[in-house]
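**Student:** coordinates for the following, if possible.
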Amino acid sequence: MAKPKVFITRQLPTELASLEQIVTLEVWRQRQPPPYEVLLEKVKTIDGLLCLLTDRIDCQLIEAATSLKVISIMAVGYDNIDISAATARHIPVGYTPGVLTDAT
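**Tutor:** This next block holds a predicted model:
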């Protein structure tokens, strides 16, 4: 069975080797976030998306992501994600509430 495909919209300050053992991973390595058009093309073939608050995950993008099974955001909020569209497609959305509590 093929490994699930995951796209990460930024380089993360962490080691991804353990994740690469269980998924086929692609990381956007450029300094700027991926343009919406690139993201729209990438989601057509992925199972998982790890994004940041600056990535627009709207209804159009979610509808184009025919294989998408999960959306994760490395942020406290999720205003950039169309939760209604994700819910309609039964795609769970994970985020990191409370991650800044100790820092604050």
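**Student:** use CA for all of it now, contacts and neighbours both
**Tutor:** Noted.
**Student:** by mean pLDDT, flag the weakest helix or strand of this structure.
**Tutor:** In the chain, no helix or strand scores lower on mean pLDDT, DSSP states H and E than helix 17-20, which sits at a mean of 88.
**Student:** I'd like the next helix or strand past that one.
**Tutor:** Using DSSP states H and E, the next helix or strand after helix 17-20 towards the C-terminus is strand 24-27.
**Student:** list the buried residues in that following strand.
**Tutor:** L25, E26 (16 or more other C-alpha atoms under 10 Å).
**Student:** against which helices or strands is that strand packed?
**Tutor:** strand 5-8 (3 or more C-alpha pairs under 8 Å, 6 or more residues apart in numbering; DSSP states H and E).
**Student:** what about 10 Å?
**Tutor:** strand 5-8, helix 17-20, strand 48-51 (3 or more C-alpha pairs under 10 Å, 6 or more residues apart in numbering; DSSP states H and E).
**Student:** ok, C59 - contacts?
**Tutor:** Listed by C-alpha atoms under 10 Å, 6 or more residues apart in numbering, the contact partners of C59 are A65, I81, D82, I83, S84, A85, A86.
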